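Peer 1: attaching a predicted model along with its sequence, questions to come.
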Amino acid sequence: MQPWTLQTLERIAPKPGRRKNDTDETHQDRLHIHAGYMHALVEGWPLFEKAQINTPLRLAHFIAQAGHETGGFTIIREATTWSADRFCQLWPTHFKAGDLTFKAKYLACRGDPESLAELAYGYKIRGDL
């Protein structure tokens, strides 16, 4: 399969449009972030081949997931400012509003974005993340 180009990527992951509440600065920031992602995807082609993300289906799955997780390639860092109620909405099989253990863990993490991310994803203890 041929490596993708910026033109190919921009057809499947177009530049972000202006949002209703965007300031000029916010919109320019989103365009800059998107351009950075596109450049990284082009430059990273050898890594895609090495990871065997090299068929149209695998590439489509990767781009769809990456685009979703990054707000259309416009978000660099996830805002980990979830409330306890939001935890229960986002991950209902893992967190229950009435669970006292969850409430204690949440209160211990509140105000610390890294600790909230650890509570949500458990990336420090999971080997697959």
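Peer 2: Sure thing, it's come through.
Peer 1: report the longest helix in the chain, please.
Peer 2: Longest helix in the chain, counting residues (DSSP state H): helix 24-43.
Peer 1: which strands or helices does it pack on?
Peer 2: Contact partners of helix 24-43 among helices and strands, from 3 or more CB pairs under 8 Å, 6 or more residues apart in numbering; DSSP states H and E: helix 6-12. (Each C-beta comes from the backbone N, C-alpha and C, glycine too.)
Peer 1: which parts of the helix it packs on are buried?
Peer 2: Of all the residues in helix 6-12, those buried under the rule 16 or more other CB atoms under 10 Å are residue 9.
Peer 1: likewise for stretch 112-123?
Peer 2: Applying 16+ other CB under 10 Å to stretch 112-123 flags 116, 117, 118, 119, 120 as buried.
Peer 1: where's residue 78 relative to residue 117, distance?
Peer 2: According to CB to CB, to the nearest Å, residue 78 and residue 117 sit 7 Å apart.
Peer 1: residues contacting the longest helix of the chain, please?
Peer 2: By CB atoms under 8 Å, 6 or more residues apart in numbering, the residues outside helix 24-43 that reach it are 3-6, 9-10, 13, 15-16, 18-19, 22, 66, 70, 72-76.
Peer 1: how many other residues sit next to residue 82?
Peer 2: Residue 82 is flanked by 21 other residues according to other CB atoms under 10 Å.
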